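Colleague: Need coordinates for the following:
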Amino acid sequence: MDRVPEKYFKHMANSTGIYEVRVEVGSDIYRVFSFFDKGQLIVLVNGFQKKTQKTPKAELELAEKLKKQYFNEQGN
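Modeller: As a prediction, the model looks like this:
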């Protein structure tokens, strides 16, 4: 994802391939976690309104769980 600035799409440290998509609507900032499937498809899994600098651990854990569930259902 060389074309998208890290401000809007970045890899989450301490994750297994989870990326954060940043969306601004007015003065509100939202984050949507995502991951790649076969290098081409970006799967969006869970989103939340970010109100602090720190990413909520529970949100990242949910993204990891949903990613695992997705690949289990795909048979990958």
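Colleague: CA atoms for contacts and neighbours, from now on please.
Modeller: Fine.
Colleague: Find the nearest non-adjacent residue to Y30, please.
Modeller: Spatial nearest neighbour of Y30, chain neighbours left out: Q49 (4.3 Å); criterion: C-alpha to C-alpha, 6 or more residues apart in numbering.
Colleague: quick one: that neighbour and D37, what's the gap?
Modeller: Per C-alpha to C-alpha, to the nearest Å, Q49 is found 25 Å from D37.
Colleague: so where do the strands sit in this structure?
Modeller: In the chain, the strands defined using DSSP state E lie at 9-11, 19-25, 28-37, 41-49.
Colleague: now this protein, which segments are flagged as low pLDDT?
Modeller: Where the chain drops to pLDDT under 70, the residues are 1-2, 76.
Colleague: okay, which residue is most central for it?
Modeller: Geometric centre of the chain, nearest residue: F33, 1.7 Å, by C-alpha atoms, centre = their mean.
Colleague: Can you tell me, leaving aside adjacent residues, what's nearest to that residue?
Modeller: Take F33 and drop its neighbours on the chain: the residue closest to it by C-alpha to C-alpha, 6+ apart is E20, 4.6 Å away.
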